[in-house]
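Novice: Sequence first, predicted model second:
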Amino acid sequence: MSTPIRSQRAARYEDILALPDHVVGEIVDGELYVSPRPASPHAVAASILGMDVGGAYQRGRGGPGGWWIVFEPELHLGRDVLVPDLAGWRKSRMPEMLSAPYFTLSPDWVSEILSPGTASLDRVRKMRVYAREGIGHAWLVDPLVRTLEVFRLHPDGGSWLLVSAHSAEEVVRAEPFDGIELRLADLWIAPAVGEPL
């Protein structure tokens, strides 16, 4: 579960560096959030999505190329430090991949894989930061209820438009990667017999 760690002072990057390796630390609105490493449904959805989008849009295999697709990049966006599950930069904006521990250039696309403990943080507070930073597209993927929500930044720059929502085993074209088809069924782990989704 992602929970804020309350302090008398605003969280600093040193607080993230002091965390153990088995957790993910983020700073949103001055608060430090600490989350465990993701469970298998989350990790599988992120991995498959990264392979499908990255193969076509970074490597140009079955798609146009022209992007950098990165797993769990650390983003330093103003005073916030966020770690989306996936992020993408158009090579027209970032021609060379940086050799750095974190990125200060906001991506063009982010994807958050929701889990029960992080869904509220991802949906509300992090989406506000992504909008503030002018990130053009955001995807929210929920591997437990098996949904993909595709958002585009509103022209006002401060809010999101829900472009499309998909579920279960649909085959979709989702912007900004609508040049390829994504089979949503590939993202989901089949539950064991008697196990709830």
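Specialist: Great, that's in hand. Numbers count the residues shown, from 1 in each chain.
Novice: Let me see the mean pLDDT of the biggest helix by length in the chain.
Specialist: Criterion DSSP state H: the longest helix present in the chain is helix 40-57. The pLDDT scores in helix 40-57 average 95.
Novice: by contact count, what packs against it?
Specialist: In terms of contacts (3 or more C-beta pairs under 8 Å, 6 or more residues apart in numbering; DSSP states H and E), helix 40-57 is packed against strand 67-71, strand 86-90, strand 109-113, strand 137-142, strand 182-183. All C-beta atoms are positioned from the backbone trio N, CA, C, and that covers glycine.
Novice: can you put those in CSV and add distance to Ile16 and mean neighbour count?
Specialist: Listed next are the helices and strands packed on helix 40-57 as CSV, based on distance: least, C-beta to C-beta, whole Å; neighbours: other C-beta atoms under 10 Å:
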stretch, distance to Ile16, mean neighbour count
strand 67-71, 18, 21
strand 86-90, 17, 23
strand 109-113, 18, 25
strand 137-142, 22, 22
strand 182-183, 32, 16
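Novice: residues of the longest helix of the chain that come out buried?
Specialist: Under the neighbour-count criterion of 16 or more other C-beta atoms under 10 Å, helix 40-57 has 41-42, 44-46, 48-50, 52-57 buried.
Novice: What is the nearest of those residues to Pro73?
Specialist: When these are compared for distance to Pro73 (C-beta to C-beta), Gly50 wins out at 11.4 Å.
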